[in-house]
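1. Here is my input; please provide its structure:
(chains A and B)
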Amino acid sequence: MDAGILLQILFWGIYAGCIYILLATGLNLIFGVMKIVNFAHGEFLMLGAYITATLFLFSGINPYVIILFSMLALIGIGAVVERLCFRPILGTGKLNEIFLSIGLIYVIQNAAAMIWGDEWQSVKSPYAGITVPVGTLTVPLDYVIIMVVTAAILCGLYLFLNRTRTGREMRAASQNRKGAMLVGVNVERMDILSFGIGCALAAAAGTLWVVSGQVFNPYMGSIPAVKAFAIIILGGLGSIPGAIVGGLLYGVAENGAAYFLGGVWKDAISFVILIVVLVIRPTGLFGERGE
Amino acid sequence: MNRTHKLSIILIAIVLIALFSAGCAEQQATTTTQPTEIKVGVIASLTGPASNVGKNMWQSAQVAADEINAKGGVSVGGAKVPLKLIVGDDESTQQGGQKAATQLITGDKVDILVGGYSSAVTSAYEQTVAEYKIPFVVTGASSPIITHRADIDTSYIFHHCPTTDTYGQYTTKFIDQVVRPAVNAKLGASADRPFRLALLYQDTAFGKGVQTAVNDTITKEKLNIVLVSQQSFKMGESDFRTPLTAIKAANPDAVYLGAFPNEGAPAITQGRRDIGLNTIYLNVENNDNAQFYKDLGQYGEGAIIESRFSPYTAPAGTIAQAQDTFKNAYYAKWGTYPDMMGASTYEGVYIATQAITNAGTTDKAKVRQALVDLNMPQIIEAMKGGTISFSKDYRESQFDLWMEQLSYNATIGECRPFIVWPDNLRVTGFVLPSWYTPGNA
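-> So this is what the prediction gives:
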C-alpha cells in the first residue's frame, strides 16, 4: 500500500469533511437552541450554492469573498423561515416539525427550480489549475483555501459563542431554555439568530461545494442533510465539537470506503459507523445524557 | 307441437339471432371505431439528477408531435387523427418511474409509451408495462436487460437505442485499433505492449453493462488490453476524487467512463484539474450533450465520445441534412440544441405513430405486432441497412455508430467534437494531446 495514496485519500476526506462540518454545525446550533428537527437544512446549502454561483457569474467577484454575501443572505432567509414556519409550531410536537420541514424541502426545491432551472450546473474557481505543495502531496490551491475558510468560520463561531454577550445568551438558551428566560434572555431572539446562523453555515458549505467544482442542482441538498443528521447524532446532539469530529470522521470514512470497498459503500459506511457508535455509546461521541 | 309452442320457438330464435347480431355489430363497432386522438405517453426524467437529458427527451418528442400534427395527425384506417403527447416524470428515481408509468397507463390510458432513460429506473417500472401489455419504445435506457430479462414478459417492449453491449464493444475495439497503436507510437513501445485501461462506472444496470461489455469484448476478441483498475460510484455522484486517485495509482493509458453527463463532466474535470490524471477519457454516447461540453470547458480537450447524434457534428450526407433540420426545429422551439437521447425519442414518437398507422388501430396487440414487423426508412440517425426495424430475438434496432474526439475552442470556451472513426466517416485523425501521459508500468 502506497502511503502517498493514503495521504491523498485522507486529504480528500478532510475536504469532504469540511463541508459536512459546516452543514452539521449549523444544524446542531439550531437543534441546540430550538430543539427542532429541520430536514430542510440541506436546502439552505443548495440556496447558498446558487446564490454564490449566481453572484460569481454576474459580477466575477472572487467566490471566496462572495461567501460572506451568501451567508448574510441566508441569515435573512433563515430568519424569515424561522419566523413564519417554525416559530408558530414550536413546542407542538416533533411530528409537526418533521412534516413542516419535509414540506419546506419541496417548496424550496421547486422555488429554486423556478428561479435557476433544475438542470445541474457548475462554476470554475478562479484558482482552478493552481496547485501547491502540502507536505509530500501536491494539491489544488482551492482545497487548501476551503480548509482554511472552514477553520476560520469555526474560529469565528467559537469566538462569537464564547466571547460575546449574545453568544453566551445563545449558549444559555441551548443549555436551559427556561433558565435562560428566567434570567432575562430573549429566547425568541436567540431562536431567530441561531436559525439564521445555522442557515449561514449551510450557505458557507454550499459555497465551498460550488468552488470545489462539484455540480449542483435544486435537489442536491437532500443527501447531505441526511448525512448531517447522522453526523450530529454520531457526535452528540447539540455538541459543536461533536459535529466537527463527526464531520471529519465521515469525510475520511467515506473516501476510505470508496477506495478500499468501492464507491457503492461511500454512503453506507457512514451509517455503519453511526450504528456502531450508537450501540457502544447511545449519546454519541460528545453527547450528554438527556439530549 | 301446437301452434303456440311453435310460435314460442320462432320468437326465441328471433331474439337469439337479434342478440347475436347485436353482439357482432357491437364487437365490429369496437374494432372499427375511429379514435378521436392518439395518446402517446412519454416517460422522461423532468426532475432529479437526470433532468437535463430527460427534458431534452420530452422537448424532442414535442417537436416530433408538432411535425406530425402539422401534417394532419396520425393516419389510422385511412383517416388523420390528432396526436396527443402526455408526459410522465420519472423524477430520476425508481419510485417516480413506477408512479409515472402507472399514471400514464391506468390514468391517462395512453395507447403506447415512448422514452425511459436510466436503465435502473426503466427496469423498475417495466413490470407494470408488461402486466398491462402496453407497447413501449424505449429510447434512452441502454442496458440490454431492458429486453433480455426473463423474469417478466418483455414482448411489448422495443429498444430503440444502442445497448451497453453494442457501444461497449464498439468503444473497446476503437481503443484496440486506434488508441493503443497511438500510445505505443508515443512510447516507442513494441506493438505487443498491453494497453492499460481503467474503468470508472456507475454502479447501476447501465454502468455495470458497460463494465461487462468491455470485459467480455477483451476476452472474446482476445484483445491486448489489460484492465488495471475498475472503480464504481453511485448514480448522481459528484465527487470522484478518491476513485480517480486509485485509478491514477494504477497508471492507466486511458480511462473509460460509464457515466451520465452530470457525472462524466465533473469526473473528467476533477481528474485533469485535481488529480493530475492527464489521460484520454472515453465516454459513452449519452454524454454527447450540450451541457456536457459547457461543463467540461478546456478539460474536455482530447476526450473521446462514442456517438450516433451530436449537437455539434454529423457525418456528411443525407443524415447530416436530416439532423440539421431536426436541430433547427428544436432550436426554433426551445432555444437550445437537442442531444442524443432527444434524437432517439424524436424518432421514437415517429416509430410509435408509424406502428399505429401500420396496425390501422390502437389495439395494443396489433400495434405490438406492427412494431415487430416494422421496416421504415431511417429518420435522423444512421441505421444499419438504412431502415428502422427490430431484431426478432430481443427487439433491438441497430444503429451505425462513430467515435468523436473533442478539441478545445478558446473563442467559445468549450470543446467541439470531430469524428475520428470509422475511416469512412472521419473528418480528422485521432491524436494524443501534447499533455497526455501514458501509463508507465
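2. Below-threshold pLDDT in the chain: ranges please.
-> Because you didn't say which chain, this covers chain A. A:1, A:288-291 (pLDDT under 70).
3. Oops, wrong one, chain B.
-> Applying pLDDT under 70 to chain B flags the ranges B:1-33, B:441.
4. Quickly list the domain ranges of it.
-> Split into domains by automatic domain parsing, chain B comes to B:38-162+B:317-388, B:165-307+B:410-421.
5. wait, does the first one contact chain A?
-> So the one you mean is domain B:38-162+B:317-388. Yes. Judged by CB under 8 Å from any CB of the partner chain, domain B:38-162+B:317-388 comes into contact with chain A at B:46-49, B:51-52, B:55. Placement of C-beta: from N, CA and C, glycine included.
6. Now render the residues you listed as TSV, adding neighbour count and secondary structure.
-> Listed next are the residues of domain B:38-162+B:317-388 next to chain A as TSV, based on neighbours: other CB atoms under 10 Å in any protein chain shown; DSSP: H, G, I helix; E, B strand; the rest coil:
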residue	neighbour count	secondary structure
B:L46	22	coil
B:T47	22	coil
B:G48	21	coil
B:P49	25	coil
B:S51	26	helix
B:N52	24	helix
B:K55	22	helix
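7. Let me have those in JSON lines, extended by distance to B:T164.
-> Shown next, in JSON lines, are the residues of domain B:38-162+B:317-388 next to chain A (distance: CB to CB, whole Å):
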{"residue": "B:L46", "distance to B:T164": "24"}
{"residue": "B:T47", "distance to B:T164": "25"}
{"residue": "B:G48", "distance to B:T164": "21"}
{"residue": "B:P49", "distance to B:T164": "19"}
{"residue": "B:S51", "distance to B:T164": "22"}
{"residue": "B:N52", "distance to B:T164": "20"}
{"residue": "B:K55", "distance to B:T164": "23"}
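8. Skipping adjacent residues, who's closest to B:S143 in space?
-> Leaving aside its sequence neighbours, B:S143 sits nearest to B:S119 (CB to CB, 6 or more residues apart in numbering or on different chains; 3.5 Å).
9. Let me fix that, I meant to ask about B:S92.
-> Closest to B:S92 by CB to CB, 6+ apart is B:G48, at 2.7 Å.
10. got the contact list for that neighbour?
-> For B:G48, the contact set (CB atoms under 8 Å, 6 or more residues apart in numbering or on different chains) comprises A:219, B:54, B:90-93, B:96.
11. Can you report how many residues neighbour the residue of chain A found nearest chain B?
-> Residue nearest to chain B within chain A (CB to the nearest CB): A:G263, separated by 3.6 Å. A count of nearby residues for A:G263, using other CB atoms under 10 Å in any protein chain shown, gives 25.
12. Could you do the one 3 residues further on as well?
-> If you count neighbours by other CB under 10 Å, A:K266 ends up with 25.
13. Specify the local secondary structure of it.
-> Using DSSP: H, G, I helix; E, B strand; the rest coil, the structure places A:K266 in helix.
14. how about the nearest residue to the residue of the stretch 51-200 of chain B found nearest chain A, chain neighbours excluded?
-> Across the stretch 51-200 of chain B, the shortest distance to chain A (CB to the nearest CB) belongs to B:N52, at 4.4 Å. Spatially, and ignoring its direct neighbours in sequence, B:N52 is nearest to A:E119 (4.4 Å; CB to CB, 6+ apart).
15. can you tell me how far B:D111 sits from B:K366?
-> 11 Å (CB to CB, to the nearest Å).
16. list the residues that contact both of these two?
-> By CB under 8 Å, 6+ apart, B:D111 and B:K366 have no common neighbours.
17. Among those two, which residue is more densely surrounded?
-> Ranked by neighbour count (other CB under 10 Å), B:D111 and B:K366 place B:D111 first, with 26 against 17.
18. nearest residue to the more buried one other than its sequence neighbours?
-> Spatial nearest neighbour of B:D111, excluding adjacent residues (CB to CB, 6+ apart): B:T362 at 4.4 Å.
19. In this structure that neighbour contacts B:Q34, no?
-> No. Using CB atoms under 8 Å, B:T362 and B:Q34 do not qualify as a contacting pair, with a distance of 9.9 Å.
20. who's more crowded, the two?
-> Comparing B:T362 with B:Q34 by other CB under 10 Å, the one with more neighbours is B:T362, at 21 against 11.
21. Does the more buried one fall in a helix, a strand, or a coil region?
-> Per three-state DSSP, B:T362 ends up coil.
22. got it, and B:N424?
-> Judged by three-state DSSP, the three-state class of B:N424 is coil.
23. and it, how many residues sit next to it?
-> Other residues lying near B:N424 total 8 when counted by other CB under 10 Å.
24. distance of it from B:I388?
-> 21 Å.
25. and if you look at A:V272?
-> For A:V272 relative to B:I388 (CB to CB), the value is 49 Å.
26. Could you verify my assumption that the residue nearest to B:S143 touches B:G209?
-> Yes. Using CB under 8 Å, B:S119 makes contact with B:G209 at a distance of 7.0 Å.
27. intersection of neighbour lists for these two?
-> Here B:S119 and B:G209 have B:142-143, B:145 as joint contacts, going by CB under 8 Å, 6+ apart.
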